[in-house]
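Undergrad: Next input, structure requested:
(2 chains)
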Amino acid sequence: MIPILSVSHVYCGYHGRDIIKNVSFTVEAGTNLCIIGPNGCGKSTLLKALAHLIPYRGSIRIGETEISQIQRKTLAKQVALLTQISSVYFPYTVYETVALGRYCHIDSVLPRLTAVDKEIIEDSLEKVGLQDLRDTKINQLSGGQLQRVFLAKTFAQDPKIILLDEPTNHLDLKYQIELLEYVSQWIKHKERAAVTVLHDLNLVQACADRVILLHQGESHSSGRPQEILLTDALEEVYKIDVKKWMTNVLQKWGA
Amino acid sequence: MNKRRILLVITTAITVMLLAVLIGTVGVTAADIVNIILHKLFRLPLRPDLQPNTVSIIWTLRLPRVLLAFLVGAALGASGTVIQSLLKNTLASPYTLGVSSGASFSAGLIIALGFSIPLLGNLTLPIVGFLSGLATVFAVIAFTKRVDKELSNNTIILVGMVFSLFVNAAYTILTALFRESLEGIIMWQMGSFAMRGWSYVRAAVIFIVIGLLGVIKYTQEMDLLSFGEDEAKANGVETDKVKKQLLVFSSVLTGSAVALSGAIGFVDLIAPHVARRLFGSQHIYVLPISAVLGGTLMIFSDIVARTIIAPSELPVGAVTALIGAPFFAYIYFKKSR
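TA: Residues are numbered from 1 along each chain as shown, chains lettered A, B, ... in the order given. Below you'll find the predicted structure:
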């Protein structure tokens, strides 16, 4: 079976300088691949290349099609990206913002939503628990609520693959866990998959099907979570004994 | 709720338009105006009690003046909205990109040299003004692209400011060199709709329809672009193409507005702001409403300009600035508090 996403020997970066060097991996349908690594190792840059926001060398394929050959609107039906939001410039309502996720499915010049569009928007709002805030202006939301709005927008886009760049930022523990559960449920449905950049290795343990560890723009190692998280790989890259630290903390919890 | 507000905006626009034609030294009634318009357009008979002089004042002076004011205001309102969404800043305006300084400079040059292109006649000024406004924007974008391939908004704003300052300096030198044309140049820059006539209205209609059609098809893209370029791209917007087209067509709007009436500021700032207040952020509402509000505001400012010290006139640019500057300060400081 062909993987839903195949990345092979990819180089990319900014201003002619490569930040990602020779990275290859595949993502199977129904799985969540987590990208981990220290600050500045190129995780966000890699996600941008996967959404074709920046040019790349090498090959990134969805099914059998190279993403650089796909028109943006068509690509947006296949891949959605949840970026790290910096700020909100205009006070759209929650509903209007989530509805923008349907853009790639609308063929008319006017933003006319069909019954199907509306149903998907409702469904996305419900998934992240924002039905009651639908008419609230997004500049009045907390960071966590805003993050959920953008996640709902990503769901509304109804893609095959979602790319999540540190989606648990700004969220309290309850919503961190809930968000990752939404994502796990979401990928179980039809031919879908997720690629998630995460800092919190506990969350990686909880939700990853596969893990790729980046170090200075290169793939240091990849495999199932227990293969990566429980070996010396982490210590080599992060320069601390992660497992020892984690176990010490857990002992304080009385585990 | 939106429907009622749309109706309110349109009713206000029509009322202000009618008022503008009614107000003046020669008194007329609304019925007279309708009669004159029908006579001119459909050859319906004029009422015998209407003086030819009155007919001429309404038809050749007031009506084209009001229509031109509306069209120019609409162009500025619409292009202001576009630029604000592109630059993700409600305090940005097309003037930020150097359109008005480019147009002002070449218009000043034409007035100073008393120069006129054959065939274009009295449209030399607007057409050259428009082209040089457009040229300034292209220069700003080309230069921005050289220093910053990503065409990031901060760079565009900064380059626009630098170009504007430079062109303004050239403009100042022009006024110093051609002292005998000083009055004409300065009056032009401050803006007026007086004595423009129907040829200006026709030119305005052409440019403004082209400009509006060019931007109105991108309301969804503007919504997405106002969340940032990466966000828009990831949602399927061909950002390079859309951004370029929006810049070109909004320059057509601003350039022709400036060229036809002078550099009238603040309407492009106030109209989108009020539109957003009334209708939220979605550009499918904000864009057309900004155009209508911009037109209405411009007619209103023009009424003030020609009545407040009648029989003399103030330049309309002075009136919009008198209303606009405090308004600008108000939204700015309210925001930063």
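Undergrad: Next to chain B, which bits of the stretch 1-150 of chain A? Give me the list.
TA: Within the stretch 1-150 of chain A, the positions adjacent to chain B are A:15, A:48, A:51-53, A:71-77, A:79-81, A:83, A:86, A:88-93, A:96, A:100-101, A:103-104, A:106, A:109-111 by Cβ under 8 Å from any Cβ of the partner chain. Where you see a C-beta, it was placed from the backbone N, CA and C, and this is true even at glycine.
Undergrad: Tell me the secondary structure at residue 129.
TA: Chain wasn't specified; assuming chain A. In three-state terms, and counting by DSSP: H, G, I helix; E, B strand; the rest coil, A:Gly129 is coil.
Undergrad: Just the ones in helices from the residues of the stretch 1-150 of chain A next to chain B, please.
TA: Under the assignment DSSP state H, those contribute A:Lys48, A:Arg72, A:Lys73, A:Thr74, A:Leu75, A:Ala76, A:Lys77, A:Glu96 to helices.
Undergrad: I'd like to know which of the residues you listed are buried.
TA: Among those, those classed as buried by 16 or more other Cβ atoms under 10 Å in any protein chain shown are A:Lys48, A:Arg72, A:Lys73, A:Leu75, A:Ala76, A:Lys77, A:Glu96.
Undergrad: Looking at the stretch 151-255 of chain A, what residue ends up closest to chain B?
TA: Here the stretch 151-255 of chain A gets closest to chain B at one residue, A:Gln157, 6.8 Å apart by Cβ to the nearest Cβ.
Undergrad: Now do that residue, the pLDDT please.
TA: Looking at A:Gln157, its pLDDT is 94.
Undergrad: who's in contact with it?
TA: Residues near A:Gln157 by Cβ atoms under 8 Å, 6 or more residues apart in numbering or on different chains: A:Ala76, A:Lys77, A:Ala80, A:Gly101, A:Arg102, A:Cys104, B:Asn235.
Undergrad: at 10 Å what do you get?
TA: Residues in contact with A:Gln157 (Cβ atoms under 10 Å, 6 or more residues apart in numbering or on different chains) are A:76-82, A:98, A:100-105, A:120, A:124, B:234-236.
Undergrad: Among the residues of the stretch 1-150 of chain A next to chain B, the buried ones, what's the PyMOL command?
TA: PyMOL command restricting the residues of the stretch 1-150 of chain A next to chain B to the buried ones, with burial defined by 16+ other Cβ under 10 Å:
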select buried, chain A and resi 48+51+52+53+72+73+75+76+77+79+80+81+83+88+89+90+91+92+93+96+100+101+103+104+106+111
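Undergrad: A:Val249 versus A:Val237, what's the distance?
TA: Distance of A:Val237 to A:Val249, computed by Cβ to Cβ, to the nearest Å: 20 Å.
Undergrad: between these two, which one's more packed in?
TA: Each of A:Val237 and A:Val249 has its neighbours counted (other Cβ atoms under 10 Å in any protein chain shown); A:Val237 has more, 20 against 11.
Undergrad: Now do the buried residues in the host helix or strand of that one.
TA: Element membership for A:Val237, per DSSP states H and E: helix A:233-238. For helix A:233-238, burial by neighbour count (16+ other Cβ under 10 Å) applies to A:Ala233, A:Leu234, A:Val237, A:Tyr238.
Undergrad: which two from the residues you listed end up farthest apart in space?
TA: A:Ala233 and A:Tyr238 (9.2 Å; Cβ to Cβ).
Undergrad: Now do the shared contacts for those two.
TA: Residues touching both A:Ala233 and A:Tyr238 (Cβ under 10 Å, 6+ apart) are A:Ile36, A:Leu213, A:His215.
Undergrad: right, and the second one touches A:Val23 too?
TA: Put plainly, it is A:Leu213. No. At 11.1 Å, A:Leu213 does not count as touching A:Val23 under the criterion of Cβ atoms under 10 Å.
Undergrad: Quick one: residues contacting B:Arg276.
TA: A:Phe90, A:Pro91, B:Thr81, B:Gln84, B:Thr90, B:Gln282, B:His283, B:Tyr285, B:Val286, B:Ile289, B:Ser290.
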